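[1] Give me coordinates for this.
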Amino acid sequence: MSSNTKNSKPIKNRKPKKKKKKKKKKRDPNLPKRPRNAYFLFAGDMRPTLHKTGMRMAEINRELGRLWNELPDERKKGYQEQSEINKKRYAEEMIEYRKNNPQPLNESSSDSSSSLSENTIRYLKMQQKKKKRRERKKKREYIKRMREKKRKMKKKKKQRRSSSTHRRSKHKKKRESSSEGSNGYYSSSSSSEESSFSSSD
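    Residues are numbered from 1 along each chain as shown. Okay, here's the model as predicted:
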């Protein structure tokens, strides 16, 4: 056997770590229950009759929504009035409960003022600051990119101009050289003609 197999230790089967469940806050038994709205009152009346048909929960919920939409306004008003009475009763019970309990449990209801803890407020503030930093960073990067783009465009324009001027200068030189050559040719031909005329005379 090789030395690697001797030295190697047997790997233990690692058990997956169990996630710790968050403990739910204990609800005060004296705390009054929140009132149900008109739709939930209607659903509470109709649900047992639909359960008897053997329908599933999702189908029952769908059917309840359809029945509520098809329900006439007169019957809806009855449920709405009942929900308002329940809301008033709940408000009165909460006033009595707060008198007896000066430090009540934090509630998530819309009626009661849900007081956030200091840690949650700090966390929210930190999140807002991080969001602002990210936005600023994005803005800076965008400005940087735009500036680089402009610089590149300017460089390209300069290169084009320089190349065009260089070509023009080349063309000019060629023209000048060609014009000089033609002038020399004409001057030489005229001198030869003059000499021939003089010899004939």
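[2] K130 in helix, strand or coil?
    helix (DSSP: H, G, I helix; E, B strand; the rest coil).
[3] Against R136, how distant is it?
    11 Å (Cβ to Cβ, to the nearest Å). For the C-beta atoms, the positions are set from N, CA and C on the backbone; glycine is no exception.
[4] same check, this time on Y90
    From Y90 across to R136, the span is 46 Å (Cβ to Cβ).
[5] Also Y97?
    47 Å.
[6] So for the two, which sits in the more crowded spot?
    The neighbour comparison of Y97 against R136 (other Cβ atoms under 10 Å) goes to Y97, with 15 against 10.
[7] packing partners for the helix or strand in which that one is found?
    In this structure, Y97 sits in helix 73-100 according to DSSP states H and E. On a contact count with 3 or more Cβ pairs under 8 Å, 6 or more residues apart in numbering; DSSP states H and E, helix 73-100 meets helix 38-52.
[8] Okay, now the unreliable bits of the chain?
    Counting by pLDDT under 70, the chain has low-confidence residues at 1-20, 102-117, 166, 170-171, 179-201.
[9] Helices along that one, start to end?
    Secondary structure of the chain (DSSP state H): helices located at 3-7, 38-52, 57-70, 73-100, 118-200.
[10] Reformat those helices as JSON lines; add distance to K23.
    Below are the helices of the chain laid out as JSON lines (distance: least, Cβ to Cβ, whole Å):
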{"stretch": "helix 3-7", "distance to K23": "46"}
{"stretch": "helix 38-52", "distance to K23": "28"}
{"stretch": "helix 57-70", "distance to K23": "28"}
{"stretch": "helix 73-100", "distance to K23": "24"}
{"stretch": "helix 118-200", "distance to K23": "17"}
